[in-house]
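J.: coords please:
(chains A and B)
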Number of protein chains: 2
Amino acid sequence: MMSTRYIYSFSEGNGSMKSLLGGKGANLAEMTNLGLPVPPGFTITTKGCLDYFKLGRKIPEQILNELPDYIRKLEENTNKGFGDINNPLLVSVRSGAAISMPGMMDTILNLGLNDKVVKGLAKVTNNERFAYDCYRRFIQMYGEVVLGVPAYLFSRHLDKVKDEVGVKNDPDLTVDVLKRLISDFKEIVWKETNTEFPEDPEEQLIGAIEAVFKSWQNRRAVIYREANGIPHDLGTAVNVQAMVFGNTGNESGTGVLFTRNPSTGENVLYGEFLKNAQGEDVVSGARTPMDIAHMKLEFPEIYEQLLEITDILEKHYCDMQDIEFTIENGRLYLLQTRTGKRTARAAIKIAVDMVKEGLITKEEALMRVEPKHLEQILHRQIDTSYSAEIIAKGLPASPGAASGIVVFDADEAEKMAEQHKVILVSLETTPEDIHGVIASEGVLTTRGGMTSHAAVVARGMGKPCVCGCESIKIDFEAEVFTVGKYTVKKGDLITINGGNGDVILGEAKMIEPELSEEAKQLLAWADEIRSLKVRANADNGVDAFKARSYGAEGIGLCRTEHMFMAPERVPVVQELILSETEEEQKAALDKLLPMQINDFIEIFEAMEGLPVTIRLLDPPLHEFLPGLVDLVEEVAHLEHADNPVELRNKRELLRKVKNMSESNPMLGFRGCRLGIIIPAIYEMQMKAIFTAVARLAREGKKILPEVMIPLIAKSTELKYLKERLTNIADEVLAEAGVDVEYKIGTMIELPRAALTADEIAEEAEFFSFGTNDLTQTTFGFSRDDAEGKFLHSYLELGILSENPFMSIDQNGVGKLIQMAINAGHKVRPDLKVGICGEHGGDPKSIEFFHRIGLNYVSCSPYRVPIARLAAAQAALKETK
Amino acid sequence: MMSTRYIYSFSEGNGSMKSLLGGKGANLAEMTNLGLPVPPGFTITTKGCLDYFKLGRKIPEQILNELPDYIRKLEENTNKGFGDINNPLLVSVRSGAAISMPGMMDTILNLGLNDKVVKGLAKVTNNERFAYDCYRRFIQMYGEVVLGVPAYLFSRHLDKVKDEVGVKNDPDLTVDVLKRLISDFKEIVWKETNTEFPEDPEEQLIGAIEAVFKSWQNRRAVIYREANGIPHDLGTAVNVQAMVFGNTGNESGTGVLFTRNPSTGENVLYGEFLKNAQGEDVVSGARTPMDIAHMKLEFPEIYEQLLEITDILEKHYCDMQDIEFTIENGRLYLLQTRTGKRTARAAIKIAVDMVKEGLITKEEALMRVEPKHLEQILHRQIDTSYSAEIIAKGLPASPGAASGIVVFDADEAEKMAEQHKVILVSLETTPEDIHGVIASEGVLTTRGGMTSHAAVVARGMGKPCVCGCESIKIDFEAEVFTVGKYTVKKGDLITINGGNGDVILGEAKMIEPELSEEAKQLLAWADEIRSLKVRANADNGVDAFKARSYGAEGIGLCRTEHMFMAPERVPVVQELILSETEEEQKAALDKLLPMQINDFIEIFEAMEGLPVTIRLLDPPLHEFLPGLVDLVEEVAHLEHADNPVELRNKRELLRKVKNMSESNPMLGFRGCRLGIIIPAIYEMQMKAIFTAVARLAREGKKILPEVMIPLIAKSTELKYLKERLTNIADEVLAEAGVDVEYKIGTMIELPRAALTADEIAEEAEFFSFGTNDLTQTTFGFSRDDAEGKFLHSYLELGILSENPFMSIDQNGVGKLIQMAINAGHKVRPDLKVGICGEHGGDPKSIEFFHRIGLNYVSCSPYRVPIARLAAAQAALKETK
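T.: Numbers count the residues shown, from 1 in each chain, chains lettered A, B, ... in the order given. From the prediction side, this is the model:
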């Protein structure tokens, strides 16, 4: 009835047994089988761990029964004895789950020592200090990890004794002091646990195994798994391995190496080595390790051996490896190999190089690069190899980094920008500040979330932005801001990192973005594989041009409201909104029309031959007016001043703003509702679009316009508008004597639209899922409010596993999208379906969108390469 | 190949052929077959009308071919000749659709007259004036309706001639003047249409038939159909009937009668009669008609005949009839019968009486009363038989009517209410005004929509409320309001009609509400039939008691936030919200706990033995604080005053309010989000609920508590809260030593909850659909904003056929509800599902809810009888 096998010697396992032996165990087995010099050992399976919990935290009998056999084998392999005082075998006991969780679970080294064995070790190694230091470390580690003694009790006592004997660093402790510490530590164990420190090595081993099992469920491991989406039912394996020592003298040492440069991808050994040292010493930083290349001189044979081994391992694993090794008395041992972490730049170079070297296929290369890491190579980056003074942290609202002098006012930013690079620092920005944003390198606000005006505008422009940095207090009168102990004046240099929200004093060192040759190669391969098209969200010619250079296959979302926000236009837009007669309205629209025509000409030219989806005006009109609260305050103050004309004007403005203000503008008078109730605005936009189309068409250019009507809840809305708008388009085209095909479609961004997509598809020639709004209405989360008030806590409490505004909620919002696609295709089989929310640039979401059959995603220009790669990966995952 | 029959003599049709012959035609046929005295005639079918449009507005040949035969038959039946100058047959040509559209389409009377025939008519009737007046009317009517001459050309000329000859009323026109008018009218026709007025009766008839066909598509008919949900593809029939004349002398006359009193339902003839008159004369009001009872004296034989005929018709149609008749020279003719319109009171009495009389079954009786008309008998009504001075019109926010003296301040309202009936008049109300609302008879606000605070609170209390009455300008300082020419001071009497939004000067005459014996009987029958349970929304013991008296079978929604709004509690709630330490928070909660316990005791006692669903706190906390805009204004003014303490306090309050303010509070920090992030509030509420439950249980009372958690978007939210809250409930019950079963369930009010109802049903023991919020998020309509800004236009433009906040949107929101019920039942077959939005009191929605298998609806106490009847009707419709 013993169907379960719990223990495998390294020589019995292999690299494919990761789920049973854990990553570390499987790789140790694999290396052992490759004939590489691995200290012998065995692995207790993850099944053992799971059964340990199933039995109510009891190690399965079978493991305890079989353990002695494996120890015996280990003794045979090493010619040492476990507990043998003449030639002692010491072991390490390490955790190792199927998915790496670095540092999350427990490790015990030097196990097998006791008061007698330590003497044998001293004799065998001819190094008493080494032996007692091992013993001291073992008691400390075992005491903490297995016996549960609070760590500080040991460390505090160690510090006290060091003080007493006048020693600063551990290595300077003498044998006598170490012996005293060993006895003191045991005393601490006794006091804390009421039991003697176990002398029996086998008892020590069982304790250590149980501790590693237990550590699978410790708090930090559980949280790590939650955070990284690792299932809780995998369990950890336990690796018991003969210790080797790099600290036995100058013929010994320890090191870490990468088979290629993990920062640049260059194909050279990369790593560090420390003579006469254990792993801990490398980590502690007390001594400076030597570059791995230096080993060529000091350990020429071992260096050669390492070159051979790394070649074997790379060819075997077909990937860059991260290797730990120890040299014990001139003999090389490998303690671990695993796939090495790397920067985006390195990942791309390594993948492309390995295709050229014949190690992997193009498809494998594509799977080797994490799409979202491409962001690193597309925005200016802060060079983290230089230290920086981080004075505050806000929300990472728009990626990239920028340095400039602090300015607190949009007008001033515009002026100063003629001479300097400028960072606009403000409570928040409004459409009236747009010229200031345009003039600045980046924006820092103390209020507002990831969809605040500043954030949206900055992302649209590809400018870095840090939002909601609440610890910063601005004194506009004094033209300074303070944060903690720092006071920053107007004109002082700061740097913002929109990728992580850092605000840095002074000018941080930057790395410029570039698409390397390898990146271009990789993306070209991606284009061969993917079926999902990638378009960009762009609102002007410059962005459209940039998007095209990054490989965009059209524009999926051109937001016309951004065109209304240019500084010279805001007054005209306000005239339009505040107009009380048809004449006033017409006058304002007549001023806007030629501007809009030019906007569209620029965009269409940049995207000649590719489809351009233009969304008619969407936001509530009051967004273009001064804020209600500010105006109320202003009027209240004016009531105490002597300026009756100004008071009357502002009161009149306040009356109108009050009239237009809404309790929930997200769900208010915007989108197609505007288009229906105030038809003149959409009519002007249609006239502008098709005048631009007609002009270019007459120049022989191929223009593919798609007009998108936002916020449809019911097919009747679309039908109503479509009739009127196509009339205008057709008139303009006929007048110009050109014949251009165009499409009229809609955003699906309200649950009702998704639920009645069949009815809507009767009218719409394409659907574009506005997943930002759709997520807001489906969850009932106002993004601005949620991010400040509860979303963060929900993620922390595990109520949400992901921010649904970053990665599409497949179960809820995704279900609606699927329903809508199915219903739409039933009515109109050739219906084009795409998405233009922020999810269009999120790799995980892209995989989902590919799977459910969207035709394209649309994202910000900077995310186009990410989307191209993610779409290719989605296609590859599917064919698997 | 002549499979289509287009024309039926009255004797060839019957009452079941309404879709082909129209309502009027089918009833004329039915009466003819019953042997009743109906002037002969024939009906051209609705199919004829539809084919007319199909042929591009051309009368089908077949109709033209067959028409002469039917005219011949008519001549035979009447012994008169069409165009016969000695014994002329005149006909009426009337529209008649399957569904009555009174006044929407066209009618032509006296057709068949021309310059020669009119002389014959004069001779035959021995009444020259009568004949020429018929002819004058005919030309005028035909000119307008068939020939399209603008009506004002005739009426203006008529007025001019009357002036010239010094005549005020049409009946005083002499034969000579009439002859002149006839000639002038023909002249007008000639000038306008460039054709002669047709002399040929057959040509006249064909023109009239075409005009009636056309009128199916006239603008007002199309709009009427849109507004009343009548399909556009029914078409109208055309009834051609021999004219009879009630204006040939004192042995003639015309009248209208109801077979029972349509106002009270009493079983007596009810109607009016005018001697020597045509229908038009009754309508014009120039002469006062006599009561129908008076005919007994003047026309005893005909009165007897009418009694016989009405008895036959009632027994035949099994319903109260509305009959038009004419007496021509002592002979009775019936021109029309149809089901008579009636008040709710009459409808109920007639239905119940008819069951007793054996005319109809209980089931039929239940179908005879329009559920929403029950509202009439449950709120105080303005007696419309008295005239009233309506000075303004607002939104009908809470039904019923109330009179009282005007007061502009909540505190004052409370004080004044000790002596007077009071109407609170305000810009809008806030939670702090609640005591004023409680003290008042009704509320009138100048801002805010149907879900404004005032509206919600008033509806909850069953108090009349008129909201958003923007034409009223309040001057708080002067304590007056002005509207148009009226100025109303504090203390002046006004009346508001929450049923239609009227504001009336002075005290209008009222009718008190009552449930008559017949109504109780009818509702008892409804209870026998229906399967859908009816609960009430009630937030206090008084409402719960009232609801039970109206037949509520439990409480479906007890909104605990209303308990926080009582005037003595608001300061404590504000303390709670503004608390900055746990101690402050606890102190506030400790004050609220005993109040909440009492709240629940009162409600549970009123509903002993019936389930009570209590929703934990739902609204965003800032709703309990002063408004941001008001506070900003106050602080701005304080900055110019010399009161540093007050300024500091208000600034501090402003800081907190700003901190809590949200862009879209509907989608913000409320509902279960509050419960999760600030656990102490829900914990206090659970303690209060179960302390109340325990106390009553120990008195031996049967309490069925159901705790409802609002605004769940993801099952994890519910799981998280349920664990914590059931612990509290169980502890409280265990401490009290009682064992009471309770349920924990959730609102389904967000699309995501509906989409993932299977996951949520794992945790929830019941679902209650919050259709108000679900409609808001599914449509992306903020109700407050939509009603003011675009909903009204959407209804007018036909983009929405119904207000989705009044009647459930079956296609969109309804689809979500169905999906959720199915998914929920799959996981938990005994899941209880109900609804507690305002749709719970809407009959059309109730029918839908019955059909998709909800267990109960919950509505305001006053709507419970409506819901009981609607639920019964839904069950009856289904078995059909």
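J.: get me the contact residues on the stretch 551-700 of chain A for chain B.
T.: Counting by CB under 8 Å from any CB of the partner chain, the positions of the stretch 551-700 of chain A adjacent to chain B are A:628-629, A:632-633, A:635-637, A:639-640, A:662-669, A:673, A:676-677. Every C-beta, even on glycine, is put in place using the N, C-alpha and C of the backbone.
J.: cross those against helices and list the overlap.
T.: The helices, defined by DSSP state H, take in A:628-629, A:632-633, A:635-637, A:673, A:676-677 from these.
J.: most neighbours of all these, which one?
T.: Per-residue neighbour counts (other CB atoms under 10 Å in any protein chain shown) across those peak at residue A:673, which has 26 neighbours.
J.: hmm, it is touching residue A:711, no?
T.: Yes. Between residue A:673 and residue A:711 a contact is recorded at 6.7 Å, counting by CB atoms under 8 Å.
J.: domain ranges for chain A?
T.: Here chain A is described, according to automatic domain parsing, as comprising the domains A:49-242, A:379-511, A:532-620+A:662-879.
J.: buried sites along stretch A:172-182?
T.: Within stretch A:172-182, the residues that qualify as buried by neighbour count (16 or more other CB atoms under 10 Å in any protein chain shown) are A:173, A:177-178, A:180-182.
J.: and stretch A:782-795, by the same measure?
T.: By neighbour count, and taking 16+ other CB under 10 Å as the criterion, the buried residues in stretch A:782-795 are A:782-791, A:794.
J.: ok, now which ones touch residue A:9?
T.: Each residue near residue A:9 by CB atoms under 8 Å, 6 or more residues apart in numbering or on different chains is listed here: A:40-42, A:70, A:73.
J.: how close does it sit to residue A:72?
T.: Counting by CB to CB, to the nearest Å, the separation of residue A:9 from residue A:72 is 11 Å.
J.: and if you look at residue A:735?
T.: Between residue A:735 and residue A:72 the distance is 96 Å, computed by CB to CB.
J.: same question for residue A:403.
T.: On the measure of CB to CB, residue A:403 and residue A:72 end up 65 Å apart.
J.: neighbour count: these two, which is higher?
T.: Neighbour comparison, residue A:403 and residue A:72: the larger count goes to residue A:403, with 22 against 12 (by other CB under 10 Å).
J.: does the more buried one lie in a helix or a strand, and which?
T.: Taking DSSP states H and E as the definition, one finds residue A:403 inside strand A:401-407.
J.: just the residues contacting that strand, thanks.
T.: A:379-382, A:413, A:416, A:420-425, A:436, A:440-442, A:463-464, A:481, A:488-499, A:506-508, A:510.
J.: out of these, list just those in helices.
T.: Among the contacts of strand A:401-407, the ones falling in helices (DSSP H) are A:413, A:416, A:436.
J.: how many other residues sit next to residue A:528?
T.: Look at residue A:528: counted by other CB under 10 Å, it has 11 neighbours.
J.: what sits against it?
T.: Contacts here follow CB under 8 Å, 6+ apart; on that basis residue A:528 touches residue A:362.
J.: try residue A:412
T.: If a contact means CB under 8 Å, 6+ apart, then residue A:412 has residue A:436 as its contacts.
J.: and it, how far from chain B?
T.: With distances taken as CB to the nearest CB, to the nearest Å, residue A:412 is found 25 Å from chain B.
J.: equivalent analysis for residue A:725, please.
T.: Distance of residue A:725 to chain B, computed by CB to the nearest CB: 15 Å.
J.: how many residues are close by that residue?
T.: Burial measure for residue A:725: 23 neighbouring residues, criterion other CB under 10 Å.
J.: thinking it is in contact with residue A:746, fair?
T.: No. In this structure, residue A:725 is not within contact of residue A:746 by CB under 8 Å, at 11.7 Å.
J.: what do these two both touch?
T.: Common neighbours of residue A:725 and residue A:746, counting by CB under 8 Å, 6+ apart, are residue A:709.
J.: nearest spatial neighbour of residue A:377, skipping sequence neighbours?
T.: Taking CB to CB, 6 or more residues apart in numbering or on different chains, and ignoring the residues beside it in sequence, residue A:377 has residue A:344 as its nearest neighbour in space, at 5.3 Å.
J.: what about that neighbour, distance to residue A:264?
T.: The spacing between residue A:344 and residue A:264, counted by CB to CB, is 11 Å.
J.: can you tell if stretch A:232-251 touches chain B?
T.: No. For a cut-off given as CB under 8 Å from any CB, stretch A:232-251 has no contacts with chain B; the smallest distance is 15.1 Å.
J.: just to revisit the earlier point, of the contacts of residue A:9, which is the nearest to chain B?
T.: Each of these was scored against chain B by CB to the nearest CB, and residue A:42 proved nearest at 40.7 Å.
J.: want to throw the domains of chain A into CSV with distance to residue A:251 and mean pLDDT?
T.: As requested, the domains of chain A are exported to CSV (distance: least, CB to CB, whole Å; pLDDT from 0 to 100):
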stretch, distance to residue A:251, mean pLDDT
domain A:49-242, 12, 91
domain A:379-511, 34, 86
domain A:532-620+A:662-879, 47, 95
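J.: now the closest residue to chain B within the stretch 51-200 of chain A: how far from residue A:711?
T.: Of all residues in the stretch 51-200 of chain A, residue A:53 sits closest to chain B, with a separation of 21.4 Å (CB to the nearest CB). To residue A:711, residue A:53 is 51 Å away according to CB to CB.
J.: those two: who's more crowded?
T.: The neighbour count for residue A:53 versus residue A:711, taken as other CB under 10 Å, is higher for residue A:711 (23 against 15).
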